[in-house]
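S.K.: got a predicted model here, sequence first, then my questions.
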Amino acid sequence: MFQKIGNASIRWANSVNPWTNVYGLARTIIALSTAITLAVNPSWIFFKPAAGVSDYRHYTPLNYFCLVPFNYTYLEIMRWIAVILLLLVASGWRPRITGIIHWWITFSLQTSAVTLDGGEQVATVITLMLLPITLTDKRKWHWDSTESSDPMTNSKFIKRIIALTCFLAIRFQVSIIYLNAATAKLFDADWLNGTAVYYYMGASMLGLPSNLYKLFYSVLTNWTVIIPTWGTIIVELLLFSGLFIDKKYRVLLLILGITLHVIFAIMLGLYSFSMIMSAALILYLRPVGKKFTFKSVDLTPKVKTTAELPLMKGGDKLEN
């Protein structure tokens with residue numbers, strides 16, 4: 001049995017390259033989301049007393065924002081340093097180094113700030129689970145390819161198994177997020193009777209802007225409100241099924257999931273949450289070894305050669 005497990009592990013490590021731009025793109029999206037959140041909100045939005053919170057931030061020795069005294073001048077400096085560091089993460093430079101920085105900042109923000117949505121919690125967990133992958137990634141940029149004909153050494157084999165195992169754990173974690181989101185709604189009367197979206201869209205804190213509310217008012221106040229209400233549960237259950245569904249259908253689930261979160265962003269203003277969950281969906285549903293191919297645009301002006309110039313009467317070619 002152990003021999004079979006060992007042979008299967010060797011085949012797995014040889015067949016899948018874990019260090020591609022797939023997880024690189026996900027890292028970039030998560031880092032940009034947190035960077036934008038920090039850039040557009042001053043420190044006093046994040047660090048202040050709140051109901052049920054005895055202190056303005058949860059102090060731990062590891063917390064990035066606890067490296068300075070509680071003074072908004074200091075916190076503003078730390079906020080902008082964090083933005084710069086997150087942009088460095090998003091650039092893809094040295095995953096071995098920036099992977100640690102990425103988790104440190106997301107962990108510190110999630111544990112010390114208030115008025116955050118669930119996206120920051122997901123970002124903290126995902127960046128932590130990505131740490132073993134980034135620490136075993138020797139690339140200078142996470143956009144680079146690692147295709148090589150180098151033999152599979154013991155060290156390379158162990159690193160690949162560690163990285164691939166972490167990707168499996170991330171897939172399982174993301175699937176549970178959607179399963180939990182769907183099943184929790186099944187125990188709520190408003191979701192079961194199909195009216196929950198009406199209440200959410202009309203809420204003063206988390207709801208549609210007034211113009212959009214007027215536009216969708218007839219849908220929200222009619223039987224048609226059942227469609228987005230039950231539709232949300234169905235989509236979340238479908239996304240959970242991505243854990244065991246055939247690989248050929250995962251791309252459809254990826255499109256469906258990203259579309260769902262784009263709607264959340266537009267309708268509810270959950271921009272950072274939607275960006276983070278879209279990144280999580282890429283890690284969940286895109287085969288990690290199937291790297292993205294980005295088409296480059298050639299902006300070099302084309303100059304016609306002599307052979308391409310039109311002929312004048314008599315057979316002579318026009319000169320430039």
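M.R.: Happy to help now that I have it.
S.K.: shouldn't V262 be in contact with S274?
M.R.: Yes: under the criterion of C-beta atoms under 8 Å, V262 makes contact with S274 at 6.5 Å. C-betas here are computed from N, CA, C, even on glycine.
S.K.: show me which of the two is the more surrounded one.
M.R.: For the pair V262 and S274, the greater number of neighbours falls to S274 (22 against 14), based on other C-beta atoms under 10 Å.
S.K.: look up how far T98 lies from the more buried one.
M.R.: Distance from S274 to T98, counting by C-beta to C-beta, to the nearest Å: 23 Å.
S.K.: before we move on, what about K248?
M.R.: Counting by C-beta to C-beta, the gap from K248 to T98 is 34 Å.
S.K.: between these two, which has more neighbouring residues?
M.R.: Comparing K248 with T98 by neighbour count (other C-beta under 10 Å), the higher total belongs to T98, at 21 against 7.
S.K.: helix or strand for the more buried one, which one?
M.R.: Following DSSP states H and E, the helix or strand that holds T98 is helix 95-112.
S.K.: residues of that helix that come out buried?
M.R.: 95, 98-99, 101-112 (16 or more other C-beta atoms under 10 Å).
S.K.: name the helices or strands packed onto it?
M.R.: Secondary-structure packing of helix 95-112 (3 or more C-beta pairs under 8 Å, 6 or more residues apart in numbering; DSSP states H and E): helix 21-40, helix 72-91, helix 118-135.
S.K.: now mean pLDDT too, for those helices, in CSV please.
M.R.: Shown next, in CSV, are those (pLDDT from 0 to 100):
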stretch, mean pLDDT
helix 21-40, 96
helix 72-91, 96
helix 118-135, 95
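S.K.: how many neighbours does F172 have?
M.R.: Neighbours of F172 (other C-beta under 10 Å): 12.
S.K.: pLDDT of stretch 96-112, averaged?
M.R.: For stretch 96-112, mean pLDDT is 94.
S.K.: next one: that stretch to chain centre, how far?
M.R.: With C-alpha atoms, centre = their mean, to the nearest Å as the basis, stretch 96-112 stands 15 Å off its chain's centre.
S.K.: now do it: everything it contacts.
M.R.: Among residues not part of stretch 96-112, those counted as contacts by C-beta atoms under 8 Å, 6 or more residues apart in numbering are 27, 30-31, 34, 37-38, 46-47, 57-60, 62-66, 82, 85-86, 88-89, 116, 120-121, 123-124, 127-128, 130-131, 133-135, 137-138.
S.K.: of the helices and strands packed on helix 95-112, which is nearest L253?
M.R.: Nearest to L253 among these is helix 21-40; the distance by C-beta to C-beta comes to 15.5 Å.
S.K.: ok, longest helix in the protein?
M.R.: helix 154-185 (DSSP state H).
S.K.: these two touch, right, V68 and E76?
M.R.: No: at 10.0 Å, V68 does not count as touching E76 under the criterion of C-beta under 8 Å.
S.K.: thinking again about what came up before, just the buried residues of the contacts of stretch 96-112.
M.R.: Buried members of the contacts of stretch 96-112, scored by 16+ other C-beta under 10 Å, are 27, 30-31, 34, 37-38, 46-47, 57, 63-66, 82, 85-86, 88-89, 116, 120-121, 123-124, 127, 130, 133-135, 137.
S.K.: next up, the contacts around the residue lying closest to L67 once chain neighbours are set aside.
M.R.: With sequence-adjacent residues excluded and distances taken as C-beta to C-beta, 6 or more residues apart in numbering, L67 is closest to M78, at 7.0 Å. M78 sits next to Y64, F65, L67, V68 when contact means C-beta under 8 Å, 6+ apart.
S.K.: switch to 7 Å and redo it
M.R.: The contact partners of M78, taken as C-beta atoms under 7 Å, 6 or more residues apart in numbering, are Y64, F65, V68.
S.K.: can you list the low-confidence ranges for the stretch 201-320 of the chain?
M.R.: Per-residue confidence for the stretch 201-320 of the chain (pLDDT under 70) gives these ranges: 296-320.
S.K.: if we go to 80?
M.R.: The stretch 201-320 of the chain contains residues with pLDDT under 80 at 204-206, 294-320.
S.K.: now the helices for it?
M.R.: In the stretch 201-320 of the chain, the helices defined using DSSP state H, counting those that start in this stretch lie at 210-215, 217-220, 226-241, 250-268, 271-285.
S.K.: the residue most central in space within the chain and S91: what is the separation?
M.R.: Centroid-nearest residue in the chain: A279, 2.0 Å away (criterion: C-alpha atoms, centre = their mean). A279 sits 16 Å away from S91, taking C-beta to C-beta as the criterion.
S.K.: just W19 next, same as before
M.R.: According to C-beta to C-beta, W19 and S91 sit 16 Å apart.
S.K.: now do the same for the residue nearest to L192 when sequence neighbours are not counted: its pLDDT.
M.R.: In space, L192 comes closest to L186 once its chain neighbours are excluded; the distance is 6.8 Å by C-beta to C-beta, 6+ apart. You'll see L186 listed with a pLDDT of 93.
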